[in-house]
Structure formats: C-alpha cells, structure tokens
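K.L.:
For reference, the sequence and a predicted model appear below.
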Amino acid sequence: MAVREMTVSEAGRRGGQATKVRHGSEFYGEIGKKGGDTTKRRHGAQFYRTIGRKGGEKVKRLRGPSFYTRIGKKGGQKVRRLVEAGKKAAT
C-alpha cells in the first residue's frame, strides 16, 4: 500500500481535533482571550479600532454600503423576535 503524505491543511485539522479532545472546546476560547489581552497590552486599544475600521472599509468596498443596511435590518429583526419571546416567557 502506498503511503500518502499529509497536506498542511490535513495536519492542522488533525492537530486541532486532537487538541479539542485533549483540552476541550473551551480551551480555544481561553487561548483566544489570552491572545487578545496580550495584543491589547502590546499595541493598545487603539489598535483594535484601527484594524476594525480598515476591515469595515474593505467590506464596504467589496460588498457596497447596502450590505450594512441588510445586515443591520437582519440584526434588528432578530432582536425584536428575542424581545417578544422574552416578554412571552415572562408572562
């Protein structure tokens, strides 16, 4: 039987699955928070504002301003449904 070499993508996926089994899925949230805290300490909160603005400008260029209108309406509709469900549950 021929031995096939593993791709980088496959190795990463297998490693991620093994890590999840060993440490649990909460582990990823914990290391993400640590990484975010370290980045904030090193670069300051302004760094996040800057990269957020740059990302928003790129999305606006790629998808157009109407994209934000559509996702804003979807978000508003979801909030409205959640509020109504909360009111029903409270009565």
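P.N.:
The structure has been received and is ready for your questions.

K.L.:
So for the helix or strand in which residue 74 is found, mean pLDDT?
P.N.:
Assigned by DSSP states H and E, residue 74 belongs to helix 66-90. Mean per-residue pLDDT for helix 66-90: 94.

K.L.:
Same question for the helix or strand containing residue 33: list its buried residues.
P.N.:
In this structure, residue 33 sits in helix 26-43 according to DSSP H and E. The neighbour-count criterion (16 or more other Cβ atoms under 10 Å) identifies no buried residues in helix 26-43. Quick note: C-beta positions are derived from backbone N, CA and C, even for glycine.

K.L.:
Which other helices and strands does that helix contact?
P.N.:
Packing contacts for helix 26-43, counted by 3 or more Cβ pairs under 8 Å, 6 or more residues apart in numbering; DSSP states H and E, involve helix 8-23, helix 45-63.

K.L.:
Can you list the neighbours in contact with it?
P.N.:
19-20, 47-48 (Cβ atoms under 8 Å, 6 or more residues apart in numbering).

K.L.:
Determine how far stretch 84-91 lies from the middle of the whole chain.
P.N.:
29 Å (Cα atoms, centre = their mean, to the nearest Å).

K.L.:
Widest-spaced pair of the contacts of helix 26-43?
P.N.:
20 and 47 (29.2 Å; Cβ to Cβ).

K.L.:
Alpha carbons of the helix holding residue 33, as PDB, please.
P.N.:
Extracted as PDB, the C-alpha positions of helix 26-43 are listed here (Å, rounded to 0.1, in the frame of the first residue of the first chain):
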ATOM      1  CA  GLU A  26     -13.400  25.900  25.900                       C
ATOM      2  CA  PHE A  27      -9.600  25.800  25.500                       C
ATOM      3  CA  TYR A  28      -9.900  27.700  22.200                       C
ATOM      4  CA  GLY A  29     -11.800  30.500  23.900                       C
ATOM      5  CA  GLU A  30      -9.300  30.700  26.700                       C
ATOM      6  CA  ILE A  31      -6.300  30.900  24.400                       C
ATOM      7  CA  GLY A  32      -8.100  33.400  22.200                       C
ATOM      8  CA  LYS A  33      -8.800  35.700  25.200                       C
ATOM      9  CA  LYS A  34      -5.200  35.400  26.300                       C
ATOM     10  CA  GLY A  35      -4.000  36.300  22.800                       C
ATOM     11  CA  GLY A  36      -6.400  39.300  22.600                       C
ATOM     12  CA  ASP A  37      -5.300  40.500  26.100                       C
ATOM     13  CA  THR A  38      -1.600  40.300  25.100                       C
ATOM     14  CA  THR A  39      -2.300  42.100  21.800                       C
ATOM     15  CA  LYS A  40      -4.200  44.900  23.600                       C
ATOM     16  CA  ARG A  41      -1.400  45.200  26.200                       C
ATOM     17  CA  ARG A  42       1.300  45.400  23.500                       C
ATOM     18  CA  HIS A  43      -0.500  47.600  21.000                       C
END
